[in-house]
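**Q** Here's my sequence, what's the structure:
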Amino acid sequence: MLTDKLFKNRGSITVEASLVFPLVVLIVFGVMYISMLLYQQSYAQAVADSAACYGAAAFNNSGRDIETCGLLQKDLSRDGIYWRLYDSKKRQKQDKTGGYVDRHLDEYNILNGIQSVDVEIQDMVVYKKLRVNIECRHRIPIGRLLKLVGMSEYYTIHTEAEAVLNDQAEFIRNTDFIIDLEKELENGNPEVKKLGDNVRGIIKKIQGKAIDIFGIH
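**A** Residues are numbered from 1 along each chain as shown. Alright, predicted model coming up:
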């Protein structure tokens, strides 16, 4: 009797283990895969942030190295003085920032996803902004099963970072250039001078109203 009960218990344990063990393995692999996805997302965001910062720091000269922000003496005047008014090397600088992203993403891309990088320069009237967008698509191991039920077989990671392009010296040069150009136009055209005087008068009135309202002295 005792032997029969022992064999029955062994049989039930085997059946339970055959049911539970695959489930435990799937859960462990699922947790590992989710951890890798979270790592990829964090790493992609870090690359986007560093690319935006380094790209903004190196944007004032197309000859500046984006990794070190170093600049050789022969490249000091490569982009000209008033490059912010018309930047002929804009595409080259964007490609340099995109190349930085590609190199660093490939360095620790543990899931070998499909990557796309978009680097954009936004003109905000008084300043410019560098925006870096990264999109990584990773095929899910059970993607084919998800596709059968109408779901996507890819998990998409989207990260974005931006940085303001600060160059005080270039901003001062451009402002001085515009002021000098305005003076030249006013000296040769009385109508332009009259228009400029009207605009300056309106600005002074606005300043006076602001002082009265906010009590600025």
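**Q** Which residue ranges of the protein form helices?
**A** For the chain, the helices defined by DSSP state H occupy 2-57, 90-107, 143-148, 168-188, 190-214.
**Q** Quick one: closest of the ones you listed to Glu160.
**A** Closest of the helices of the chain to Glu160 is helix 2-57, at 6.4 Å (criterion: C-beta to C-beta). Quick note: C-beta positions are derived from backbone N, CA and C, even for glycine.
**Q** what is the mean pLDDT for the closest one?
**A** Throughout helix 2-57, pLDDT has a mean value of 79.
**Q** Over to stretch 203-212?
**A** On average, stretch 203-212 scores 73.
**Q** for the spatially most central residue of the chain, what are its contacts?
**A** Nearest to the mean C-alpha position of the chain, by C-alpha atoms, centre = their mean, lies Val132 at 2.4 Å. Val132 makes contact with 48, 51-52, 55, 97, 101, 117-119, 160-162, according to C-beta atoms under 8 Å, 6 or more residues apart in numbering.
**Q** Quickly list the domain ranges of this structure.
**A** 2-166, 172-214 (automatic domain parsing).
**Q** quick one, which of those is packed in tightest?
**A** domain 2-166 (a mean of 14; mean count of other C-beta atoms under 10 Å).
**Q** Off-centre distance for it?
**A** 11 Å (C-alpha atoms, centre = their mean, to the nearest Å).
**Q** where does Asp75 land on pLDDT?
**A** Reported pLDDT for Asp75: 64.
**Q** Distance across stretch 53-70, terminal residue to terminal residue?
**A** Counting by C-alpha to C-alpha, to the nearest Å, you get 14 Å between the two ends of stretch 53-70.
**Q** separation between Cys32 and Ala46?
**A** Not Cys; residue 32 is Met. In this structure, Met32 and Ala46 are 21 Å apart, going by C-beta to C-beta, to the nearest Å.
**Q** got the contacts of Val132 as a markdown table, with distance to Pro190 columns?
**A** Putting these into a markdown table (distance: C-beta to C-beta, whole Å) gives the following:
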| residue | distance to Pro190 |
| --- | --- |
| Ala48 | 53 |
| Ala51 | 51 |
| Ala52 | 48 |
| Gly55 | 46 |
| Thr97 | 48 |
| Val101 | 54 |
| Val117 | 53 |
| Asp118 | 49 |
| Val119 | 47 |
| Glu160 | 51 |
| Ala161 | 50 |
| Glu162 | 45 |
